[in-house]
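Q: Kindly generate the corresponding structure for this input.
(4 chains)
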4 protein chains.
Amino acid sequence: MTTAEDCTRWWETSVSRIAPGEIDLRGYPVQELIGRLSFPDMIWLMVRGELPGPGQARLLEAALVAAVDHGPQAPSIASARMAATCGLGLNSAMANGVNTLGDVHGGAGQQCVQVLEDVVADGRSEAAAELVARYRQERRHVPGFGHRFHPRDPRRDPLLNLVAEARDAGQVKGLHLEAALALEAALSVGRERPVPMNIDGATAVVYAELGIEPELARGMFVLSRSVGILAHAWEEKQSGRRIKGPLPPPLLADYTGPRRSMLP
Amino acid sequence: MTTAEDCTRWWETSVSRIAPGEIDLRGYPVQELIGRLSFPDMIWLMVRGELPGPGQARLLEAALVAAVDHGPQAPSIASARMAATCGLGLNSAMANGVNTLGDVHGGAGQQCVQVLEDVVADGRSEAAAELVARYRQERRHVPGFGHRFHPRDPRRDPLLNLVAEARDAGQVKGLHLEAALALEAALSVGRERPVPMNIDGATAVVYAELGIEPELARGMFVLSRSVGILAHAWEEKQSGRRIKGPLPPPLLADYTGPRRSMLP
Amino acid sequence: MTTAEDCTRWWETSVSRIAPGEIDLRGYPVQELIGRLSFPDMIWLMVRGELPGPGQARLLEAALVAAVDHGPQAPSIASARMAATCGLGLNSAMANGVNTLGDVHGGAGQQCVQVLEDVVADGRSEAAAELVARYRQERRHVPGFGHRFHPRDPRRDPLLNLVAEARDAGQVKGLHLEAALALEAALSVGRERPVPMNIDGATAVVYAELGIEPELARGMFVLSRSVGILAHAWEEKQSGRRIKGPLPPPLLADYTGPRRSMLP
Amino acid sequence: MTTAEDCTRWWETSVSRIAPGEIDLRGYPVQELIGRLSFPDMIWLMVRGELPGPGQARLLEAALVAAVDHGPQAPSIASARMAATCGLGLNSAMANGVNTLGDVHGGAGQQCVQVLEDVVADGRSEAAAELVARYRQERRHVPGFGHRFHPRDPRRDPLLNLVAEARDAGQVKGLHLEAALALEAALSVGRERPVPMNIDGATAVVYAELGIEPELARGMFVLSRSVGILAHAWEEKQSGRRIKGPLPPPLLADYTGPRRSMLP
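A: Predicted structure coming up:
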């Protein structure tokens, strides 16, 4: 017989425990955490189930700080701004922005973590060069490298420097950083211009060094970009504009189809 | 004549500036911010346009830490878990969770900031008691006080203590804390059991003391709760479960309507 | 004691009944409905609980047909197209489009149904003129009338003609049509150009004549516009474009804030 | 130089043309379509760019009617009901429901269209049996067949009968129906109980016979299920309930993790 316990068991979790007057998060009473944990500590604890080790939250924090925004031409931001002018609450405007962080807009970081894990798991020194050669042959883009807009992404160096510092302090192993630099070097061979890591690549190095799974890396990017989405949606709300679409009136999208009629 | 400049002007912003090789956030080159700003600092800068003053980011951080989760029976969390079992990416599962933080689920904090601002703006010592009397007469619930489940919300005390410390250090004025305590006292007069501040009320005190507008307070709550939403969606993803609804099979929702037929 | 029955009762509904081998919708076995009901019949049955009367589904159908699309400059459509280029599935692209149909973009029809109901409930012949005068005094726009772009919305006449036909056939009373025409006349008094009903107004007449509640009228609009959202998202998907934002590269949004630095 | 025309070209479409006083949908002036096209005709025209042939809209209509709802235990419906109790507008409640129709909840139909296309493209009479054998070996489920709950889905027969009628009338070729029946027969060989087509399979036959691409089949399912989502969200709105989660209070989800403390 199916019982009420089956219902609660169907919804069981190891994230939080709620009882009258009690809220435990990953086992810790919430009142012990407030004022004691930083926000990145809490993100780490909630998502991974354990407190971060020394230096780890600092690295996570840098990645979260780095990716908050890339301007309103990014679809995540533009969608949220448009939603704000349609009278949606900030929660709904943010939902639309976050939803767009799919495989194309939000997935390069995830894919790059996977690539870094693969190169590290391979272990051979020529793994990076071979991967680059294989991608070239398949006419695929190695995720996390190069940028259609920035010759060199300004977020690359400070993120990689922090990883190098953490490696020197023994807080992370540095193997994924090494793999990423090897990929970067291999990508630039025989090209006039280098193909430096972009934000997806540099944050992927951070996430991979911290042992964060590829898919979860996308979740972390969502947390980070949510800040920019909120900032832009809020700016748009405050402007009082109504119904902003992609084109300023009186511009209209071009029509490229035929003209027809139902009339005889 | 409408020009390309009209297009870019239609999308103008004071949040971020992007140029080849350059990303400025609120005017600061991003490379100066990575590793230097904490994540709450960055949230503050992005959303409000300025860096936080001493002690302010710490208060914001405490509010962000406090509200991350209240278990899978909360619709924001349940929605995200259900979405995860429907094969959505973490971004889309999070979008569904965030979207539900509307007027009812996410709005009490916003409304409480407004109430606190009103009481402080009134300035008279009897303002809180009069507001409570008025709400009682209108049979309305004062937002941010009382909990259907917790006799005393464990997140209240640590948050209010931090606000009191910040007030004693001259970092915030403490007027909204005073107003909230006056409301709490007035609400408990003539009742067997006190009606203590809940998480919406305690975080509203933080946000109001920091000068955060009521609507933006909801945006901050969204950033906080996104962490719990991610943690739960990720736990559900990792479980490999497919298509989780509210009821464990073979339970089915009761049908309360009539039985009918189209057949003669 | 809380039982499994409490769980199923919490989720009770009068919309559908599911049992092994059986699916009843509003009490009718689904196999009796397939091939027998038109899609508008089914929409009516599902949402309102009864089958439509003669001529009623035809009116609903006309309103659903009329509002499917207004080009990609509408934020609902633009959001869905942008989402499609971010690698989201059609379901998620549609979700983003639908979500934007809030108070501003999707709410004018809802508000207009309310206005029509109010004028009809008032009953006096001068009610429409008084309402227009009051709105003018309050510098408010009467929802459902006028268009920033179309001098005369081409969807107005065919929709109102169908309502007039249904009124002449005794299928609807025609009181809301009358009210809408009175409002239109009052709005045009003393103006160089008339202020004709727009799509929100003309569909509001249909919905109000059919007894559809104001809020539900928005739901009907969502069903209608979902068709255009799907058409556009699908066109975009097929184009194979990646990451479309509001501005074609290399255009960038203007930055209007200050330039600053953290460096000494 | 980038011009305003570049902006409008970036947003070009063959779905709709908008000009002052003019709205063309797929080339037809909208005023010619209202009252003349059925809603399924319009769906067909908008999504596919042409008007349906004789009998085709009727088949599409049957598929749209058949899949509107499967009760509130379906996550698409449950999500929308939960969102409605969180104070979201019907548009946002519907967005959450629609978003969940991802690869798992909404994708079986899409996958089944692909399977039917593959079997028909193969052309050999043994193609169905071989596909079933291959899936069995790979321990994969053939999408569109069998149901964890219904021994025989009541929507199968009326849908297949309509396809057979359309085939006999020369409106569709019937090859995908044949393929589906061959798959069904092959799946049932050597089993005690047959594995009949479910709703995903039966609608996939319709969509495949109509030449609708696999991915677009999911879009059609979204349009259909949106009706049930609206019906349920509206029922929930009218109930006036606040914050409905998966479990009726006072039930709480079980906690399965450890208990810990930050205190010394």
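
Q: how far away is residue A:209 from residue D:212?
A: From residue A:209 over to residue D:212 the distance is 47 Å, taken as Cβ to Cβ, to the nearest Å. Bear in mind the C-beta positions are built from the backbone N, C-alpha and C, glycine included.

Q: Which one's more surrounded, these two?
A: More neighbours surround residue A:209 than the other of residue A:209 and residue D:212, with 25 against 22 (other Cβ atoms under 10 Å in any protein chain shown).

Q: State the pLDDT value of that one.
A: pLDDT for residue A:209: 98.

Q: thinking it is in contact with residue A:178, fair?
A: No: counting by Cβ atoms under 8 Å, residue A:209 does not reach residue A:178; the two are 10.2 Å apart.

Q: Just to be sure, residue A:220 is in a helix?
A: Yes: residue state for residue A:220 (DSSP: H, G, I helix; E, B strand; the rest coil) corresponds to a helix.

Q: show me the contacts for it.
A: Residues in contact with residue A:220 (Cβ atoms under 8 Å, 6 or more residues apart in numbering or on different chains) are A:43, A:47, A:60, A:63-64, A:203, A:207, A:212.

Q: do residue A:194 as well
A: By Cβ under 8 Å, 6+ apart, the neighbours of residue A:194 are A:152, A:184, A:187-188.

Q: And what about it, helix, strand or coil?
A: Classified using three-state DSSP, residue A:194 is coil.

Q: just curious, which of the contacts of residue A:194 is nearest to chain B?
A: Of all these, residue A:152 has the smallest distance to chain B: 5.7 Å, by Cβ to the nearest Cβ.

Q: could you measure the closest one against chain D, distance?
A: Residue A:152 is 24 Å from chain D, where distance means Cβ to the nearest Cβ, to the nearest Å.

Q: phi, psi of that residue?
A: phi -140, psi 120 (degrees, to the nearest 10).

Q: Now residue A:19. Its backbone dihedrals?
A: phi -150, psi 160.

Q: Show the contacting residues for it.
A: Counting by Cβ under 8 Å, 6+ apart, residue A:19 makes contact with residue D:252.

Q: 7 Å - rerun?
A: For residue A:19, the contact set (Cβ atoms under 7 Å, 6 or more residues apart in numbering or on different chains) is empty.

Q: and it, what are its bridge partners?
A: residue A:22 (DSSP bridges).

Q: Residue A:197 too?
A: residue A:145.

Q: Surely it and residue A:180 touch.
A: Yes: Residue A:197 lies in contact with residue A:180 (Cβ atoms under 7 Å); the separation is 6.2 Å.

Q: Which parts of the stretch 101-250 of chain A are helices?
A: A:107-122, A:127-137, A:156-168, A:175-188, A:199-209, A:214-239 (DSSP state H, counting those that start in this stretch).

Q: Can you check which of those gets nearest to residue A:92?
A: Between residue A:92 and those, the shortest gap by Cβ to Cβ is with helix A:214-239, which sits at 9.3 Å.

Q: What is the nearest of the contacts of residue A:194 to chain D?
A: residue A:152 (23.6 Å).

Q: The closest one against residue A:196, yeah?
A: Yes: using Cβ under 7 Å, residue A:152 makes contact with residue A:196 at a distance of 5.1 Å.

Q: For burial, what's the neighbour tally of residue A:170?
A: Neighbour tally, residue A:170, other Cβ under 10 Å: 10.

Q: ok, back up a step: looking at residue A:152 and residue A:196, which is more packed in?
A: Neighbour comparison, residue A:152 and residue A:196: the larger count goes to residue A:196, with 20 against 16 (by other Cβ under 10 Å).

Q: Quick check: phi and psi at that one.
A: Dihedral angles for residue A:196 - degrees, to the nearest 10 - are phi -70, psi 160.
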